[in-house]
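Visitor: Below are the sequence and a predicted model; questions follow.
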Amino acid sequence: MRRKTMDFTLFCVALLLLATAFPVDSCPPSDRAALLSFRAALHEPYLGIFNSWTGADCCRNWYGVSCDAETRHVADINLRGESEDPIFERAKRPGYMTGTISPAICRLKRLTSLTVADWKGITGEIPSCITTIPFLRVLDLIGNRLSGEIPANIGKLHRLTVLNVADNLIMGEIPRSLTNLSNLMHLDMRNNRISGPLPRDFGKLRMLSRALLSGNRITGSIPDSVSDIYRLADLDLSYNQLSGPIPVSLGKMAVLATLNLDSNKISGPIPQTLINSAVSNLNLSRNALQGAIPDVFGPRSYFTALDLSYNGLRGPVPRSISSASFIGHMDLSHNHLCGRIPGGPPFDHLEASSFMYNDCLCGKPLKDC
């Protein structure tokens with residue numbers, strides 16, 4: 001009997017020691033191991049942000065790491081190379097980090113947010129296994145030197161709301177599966193080397209509010225399906241190699257406020273629908289647009305900026321522009337416009353540079369007719 005009592009006592013002591021070694025309120029050892037493998041692939045020489053990654057509990061005071069309050073699994077990794085955090089103020093410099101993003105990050109199966117942004121020196125590819133993190137909502141890798149392609153199965157991340165890979169060296173085409181990201185609200189792929197066309201079914205991204213894809217090598221035409229994205233407020237496709245006409249349906253979108261299509265090879269006329277639309281910042285400059293500027297301006301025409309410069313537009317400057325409710329900046333230079341520039345607002349506050357290098361425009365602010 002005494003032997004059984006002693007065995008039971010030893011068992012209880014062993015359980016107590018085990019509980020002390022791995023407290024229930026600390027992160028799982030597997031998560032800690034994954035973080036340390038992730039850290040081992042990176043080198044940050046100036047700020048010492050990884051100096052705090054010590055101890056058994058990665059949920060406690062590990063810089064940039066947050067855990068789920070109930071499960072204690074790692075939920076967020078937020079490492080930004082540009083921040084107002086005191087660690088940057090003390091160093092009096094932005095961050096710089098080299099190395100690669102280790103596939104070990106994919107072992108954090110409860111991760112909801114991964115931000116490794118603006119470190120300028122991180123290279124390599126986005127690990128393809130990133131698409132196996134089922135709860136990932138935010139993937140922000142802006143401002144590094146990542147190369148390779150966007151993982152082909154990116155569309156498996158059904159909970160993803162933010163995808164930001166801007167300012168990298170990513171190449172290849174936009175994966176077809178990307179349009180399966182039905183909860184995506186913010187897409188930023190600016191300033192990479194992405195080529196090929198926009199997916200024809202781009203309009204499946206119904207929750208999207210910002211689509212920023214400027215500064216790439218995207219070809220083909222603008223899909224008509226874009227107008228199906230009823231929440232889209234900001235569309236930037238500038239500095240690509242897009243061709244074909246501007247879809248008339250873009251001017252019928254309820255909340256589209258900014259439309260930047262400048263520096264492409266877009267041809268055809270300017271859709272009349274864009275003149276009386278929700279768009280207030282419209283840049284169609286440096287394309288191959290033809291025909292006349294639609295003479296349909298009215299009270300619904302409100303432009304903080306309207307840039308139609310460097311195209312092949314002909315005919316007169318529309319008199320109906322005077323009927324617009326507001327035009328802040330307007331540039332019609334470098335076209336083939338001809339005739340007298342109308343008087344009154346907004347023409348009386350525009351400079352000569354807004355009308356220069358046309359065929360035969362005259363009147364204020366240019367020379368008299």
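Guide: Yes, it's here. Residues are numbered from 1 along each chain as shown.
Visitor: Spell out the residue ranges of the strands in the stretch 201-350 of the chain.
Guide: For the stretch 201-350 of the chain, the strands defined by DSSP state E, counting those that start in this stretch cover 210-212, 217-219, 234-236, 243-244, 258-260, 265-268, 281-283, 288-292, 302-307, 312-315, 326-331, 336-340.
Visitor: Using JSON lines, lay out these together with distance to Ser354, mean pLDDT and mean neighbour count.
Guide: The C-beta positions use only the backbone N, C-alpha and C, and glycine is treated the same way. Formatted as JSON lines, the strands of the stretch 201-350 of the chain follow (distance: least, CB to CB, whole Å; pLDDT from 0 to 100; neighbours: other CB atoms under 10 Å):
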{"stretch": "strand 210-212", "distance to Ser354": "27", "mean pLDDT": "98", "mean neighbour count": "20"}
{"stretch": "strand 217-219", "distance to Ser354": "29", "mean pLDDT": "98", "mean neighbour count": "17"}
{"stretch": "strand 234-236", "distance to Ser354": "23", "mean pLDDT": "98", "mean neighbour count": "20"}
{"stretch": "strand 243-244", "distance to Ser354": "27", "mean pLDDT": "98", "mean neighbour count": "14"}
{"stretch": "strand 258-260", "distance to Ser354": "19", "mean pLDDT": "98", "mean neighbour count": "21"}
{"stretch": "strand 265-268", "distance to Ser354": "21", "mean pLDDT": "98", "mean neighbour count": "16"}
{"stretch": "strand 281-283", "distance to Ser354": "14", "mean pLDDT": "98", "mean neighbour count": "21"}
{"stretch": "strand 288-292", "distance to Ser354": "17", "mean pLDDT": "98", "mean neighbour count": "15"}
{"stretch": "strand 302-307", "distance to Ser354": "10", "mean pLDDT": "98", "mean neighbour count": "19"}
{"stretch": "strand 312-315", "distance to Ser354": "13", "mean pLDDT": "98", "mean neighbour count": "16"}
{"stretch": "strand 326-331", "distance to Ser354": "5", "mean pLDDT": "96", "mean neighbour count": "17"}
{"stretch": "strand 336-340", "distance to Ser354": "11", "mean pLDDT": "97", "mean neighbour count": "17"}
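Visitor: Make a markdown table from the ones you listed and add distance to Met97 to it.
Guide: What follows is the strands of the stretch 201-350 of the chain, written out as a markdown table (distance: least, CB to CB, whole Å):
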| stretch | distance to Met97 |
| --- | --- |
| strand 210-212 | 24 |
| strand 217-219 | 27 |
| strand 234-236 | 28 |
| strand 243-244 | 39 |
| strand 258-260 | 31 |
| strand 265-268 | 38 |
| strand 281-283 | 35 |
| strand 288-292 | 43 |
| strand 302-307 | 37 |
| strand 312-315 | 47 |
| strand 326-331 | 39 |
| strand 336-340 | 51 |
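Visitor: Would you mind saying which of the ones you listed lies nearest Leu79?
Guide: Among these, the nearest to Leu79 by CB to CB is strand 210-212 (22.0 Å).
Visitor: Pairing partners for that closest one, with directions?
Guide: Strand pairing for strand 210-212, using DSSP bridges, gives strand 186-188 (parallel), strand 234-236 (parallel).
Visitor: now those in TSV, with distance to Ile293?
Guide: Shown next, in TSV, are those (distance: least, CB to CB, whole Å):
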stretch	distance to Ile293
strand 186-188	31
strand 234-236	21
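Visitor: Which stretch among these approaches Leu337 most closely?
Guide: That would be strand 234-236 among these, by CB to CB, at 26.4 Å.
Visitor: who touches the closest one?
Guide: 190, 209-214, 226, 250, 256-260 (CB atoms under 8 Å, 6 or more residues apart in numbering).
Visitor: residues in contact with stretch 82-99?
Guide: 41-49, 63, 80-81, 117-124, 143.
Visitor: Out of these, list just those in strands.
Guide: 42-43, 80, 117, 120-123 (DSSP state E).
Visitor: quick revisit: max pairwise distance over the contacts of strand 234-236: which two?
Guide: Distance extremes for the contacts of strand 234-236: the farthest pair is Arg190 and Leu250 at 19.6 Å, using CB to CB.
Visitor: got a list of what Ala104 touches?
Guide: 34, 37-38, 41.
Visitor: Checking Cys129 next. Helix, strand or coil?
Guide: helix (DSSP: H, G, I helix; E, B strand; the rest coil).
Visitor: got a pLDDT number for it?
Guide: Looking at Cys129, its pLDDT is 98.
Visitor: ok, back up a step: which of the ones in strands among the contacts of stretch 82-99 lies closest to Ile321?
Guide: Looking across the ones in strands among the contacts of stretch 82-99 and measuring by CB to CB, the closest to Ile321 is Ala117, at 42.1 Å.
Visitor: thinking again about what came up before, using TSV, please lay out the contacts of strand 234-236 together with distance to Ile327.
Guide: Conversion of those to TSV gives the following (distance: CB to CB, whole Å):
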residue	distance to Ile327
Arg190	27
Ser209	25
Arg210	24
Ala211	25
Leu212	25
Leu213	27
Ser214	24
Val226	25
Leu250	20
Leu256	18
Ala257	15
Thr258	16
Leu259	16
Asn260	17
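Visitor: Give the single residue among those positioned nearest to Ile293.
Guide: Of all the contacts of strand 234-236, Leu259 has the smallest distance to Ile293: 16.0 Å, by CB to CB.
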